[in-house]
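>>> Here you go, sequence then predicted model.
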Amino acid sequence: MVQPNPAGDRDIAARDHVRAVTRAAGSSFYWGMRILPEDRRDAMFAVYAFCREVDDIADGTAPVEEKRRQLDEWRREIEALYAPDQVGAETHVLRALSRAIRLYNLDKKDFFEVIAGMEMDTDDIIVAPSCKHLELYCSRVAGAVGLLSVRIFGDSSDSAREFAIALGTALQLTNILRDLKDDAGMGRLYLPREQLAAHGVMLGTPDEILESPKIPEICASVALRAREKYAEADRLLLQSDARALKPAVVMMMNYRRILDRLIANGWHDLDDDAGLSKPEKIWITLRYGLLRPIYVNVQCNRTAKNRAI
């Protein structure tokens with residue numbers, strides 16, 4: 001007779017939960033992670049589910065003090081996962097995270113950086129931050145996730161970590177440029193104030209700022225910064241284990257295509273988020289994730305040509 005195994009059953013339930021959360025999001029993240037071996041994939045789904053939970057707190061309608069309390073609680077829960085005498089985690093997400101931390105030696109401070117990024121959205125409504133403040137925000141909410149990710153992918157070298165931060169910033173800037181209207185609906189605007197000032201746009205509410213005819217030019221300037229960060233990620237990828245980082249490449253190519261569409265559309269219709277269809281996401285996953293490393297070969301050839309010149 002097979003004996004019941006409550007701990008094993010809870011692990012399976014935790015795994016199934018984070019898989020379902022990530023699948024339901026329907027994002028480019030899900031398709032990029034599909035190419036990973038099962039243990040690495042489930043670890044990434046656990047990280048995604050954690051990010052989803054803290055992001056929902058920051059974006060929720062609860063009073064600021066309640067949001068702070070909930071984020072503080074997450075900080076305590078993460079701290080507890082690293083305790084030498086850690087007992088079984090209570091929730092599905094924490095249990096899945098606990099396993100990921102053990103398997104891939106994830107750094108506690110990267111989780112804390114993500115939470116700190118959500119606190120930036122909670123403590124002050126961000127409207128036209130300085131470039132320095134925006135860089136810090138991107139580093140926390142996206143770069144720190146990248147640092148957790150490259151460890152799970154299997155490359156924690158210095159170049160891979162720099163790649164993660166550069167790519168995380170590029171992805172977050174792309175998100176900012178596609179979510180202008182949604183963010184304004186929550187009273188937020190992440191376009192940097194230096195760019196607004198350079199184009200003669202006065203500070204005001206997000207809706208007022210977005211009415212300016214200069215917004216397409218301002219967005220184009222931010223898009224140029226995003227492209228610079230993608231190019232930086234390209235260079236760092238050549239110094240890293242490109243095969244291990246294939247899931248990140250899939251993410252990068254998804255978001256690059258979104259950015260290209262946003263640039264082509266010119267931000268004249270803020271309701272158009274330039275999203276990719278499911279067939280497009282599948283094609284990108286196949287080309288850059290499962291077939292021969294076309295992307296890396298192309299980048300190597302470009303680098304060799306540049307050196308020859």
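Yep, it's here.

>>> contacts and neighbour counts: CA atoms only from here.
Will do.

>>> shaky segments in this protein?
Along the chain, segments meeting pLDDT under 70 span 1-7, 86-89, 291-309.

>>> In terms of residue numbering, what are the domains of it?
7-107, 125-304 (automatic domain parsing).

>>> which outside residues touch the strand or helix carrying Asp72?
Under the criterion of DSSP states H and E, Asp72 resides in helix 64-81. The contact list for helix 64-81, computed with CA atoms under 8 Å, 6 or more residues apart in numbering, reads 54, 57-58, 86, 89, 94, 98, 108, 111-112, 115, 119, 122-123.

>>> now swap in stretch 214-230 and tell me
Counting by CA under 8 Å, 6+ apart, 166-167, 169-171, 173-174, 177, 191, 195-196, 199, 201, 209, 252, 256, 259, 263, 266-268 sit against stretch 214-230.

>>> Now the phi/psi pair for Ala58, please.
In terms of degrees, to the nearest 10, the main-chain angles of Ala58 are phi -60, psi -40.

>>> Which residues are in contact with it?
67, 118-119, 121-122.

>>> re earlier: and the helix holding Asp72, how far out from the chain middle?
20 Å (CA atoms, centre = their mean, to the nearest Å).

>>> just checking, next helix/strand downstream of it?
Scanning forward in sequence from helix 64-81 by DSSP H and E, the next helix or strand is helix 92-104.

>>> continuing past that next one, what's the next helix or strand?
helix 108-123.

>>> ok, and what's touching stretch 257-273?
Contacts to stretch 257-273, defined as CA under 8 Å, 6+ apart, come from residues 174, 177-181, 215-216, 219-220, 223, 274-276.

>>> Tell me how far the spatially closest residue to Glu194 that is not a sequence neighbour lies from Lys67.
Closest residue to Glu194 apart from its sequence neighbours, by CA to CA, 6 or more residues apart in numbering: Ser130 at 6.5 Å. For Ser130, the distance to Lys67 equals 24 Å [CA to CA, to the nearest Å].

>>> And those two? Which one has more around it.
Lys67 (22 against 15; other CA atoms under 10 Å).

>>> roughly how far apart are the more buried one and Met118?
10 Å.

>>> Identify all contacting residues around stretch 279-295.
28, 31-32, 35, 243, 246-247, 249-250, 253-254.

>>> These in helices, which ones?
Among the contacts of stretch 279-295, the residues falling in helices (DSSP state H) are 28, 31-32, 246-247, 249-250, 253-254.

>>> Among these, give me the pair with the biggest separation.
Ser28 and Lys246 (13.5 Å; CA to CA).

>>> Return stretch 68-84 as PDB; C-alpha atoms alone will do.
The C-alpha coordinates for stretch 68-84 follow below in PDB (Å, rounded to 0.1, in the frame of the first residue of the first chain):
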ATOM      1  CA  ARG A  68       3.300  48.800   2.700                       C
ATOM      2  CA  ARG A  69       2.200  46.200   5.300                       C
ATOM      3  CA  GLN A  70       1.700  43.600   2.600                       C
ATOM      4  CA  LEU A  71       5.100  44.300   1.000                       C
ATOM      5  CA  ASP A  72       6.800  44.200   4.400                       C
ATOM      6  CA  GLU A  73       5.100  40.800   5.000                       C
ATOM      7  CA  TRP A  74       6.600  39.600   1.700                       C
ATOM      8  CA  ARG A  75      10.000  40.800   2.800                       C
ATOM      9  CA  ARG A  76       9.700  38.800   6.100                       C
ATOM     10  CA  GLU A  77       8.500  35.700   4.200                       C
ATOM     11  CA  ILE A  78      11.500  35.800   1.900                       C
ATOM     12  CA  GLU A  79      13.800  36.300   4.800                       C
ATOM     13  CA  ALA A  80      12.300  33.200   6.500                       C
ATOM     14  CA  LEU A  81      13.000  31.100   3.300                       C
ATOM     15  CA  TYR A  82      16.700  31.700   4.000                       C
ATOM     16  CA  ALA A  83      16.600  30.800   7.700                       C
ATOM     17  CA  PRO A  84      18.700  27.800   8.700                       C
END
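
>>> buried ones in it?
68, 71-72, 74-75, 78, 80-81 (16 or more other CA atoms under 10 Å).

>>> The strand or helix carrying Asp42 to helix 64-81, inter-axis angle?
Secondary structure assignment for Asp42, by DSSP H and E: helix 38-59. Regarding helix 38-59 and helix 64-81, their directions subtend 160 degrees when assessed with axes from the mean of the first three to the mean of the last three CA atoms, to 10 degrees.

>>> Show me which residues of helix 38-59 are buried.
40-51, 54-55, 57-58.

>>> Please apply the same query to stretch 12-20.
For stretch 12-20, burial by neighbour count (16+ other CA under 10 Å) applies to 13-15, 17-19.

>>> what's the answer for stretch 140-156, then?
140-153, 155-156.

>>> ok, residues contacting that stretch?
By CA under 8 Å, 6+ apart, stretch 140-156 touches 36, 40, 43-44, 47, 104-107, 110-111, 113-118, 160-161, 164-169, 171-172, 240-241, 244-245, 247.
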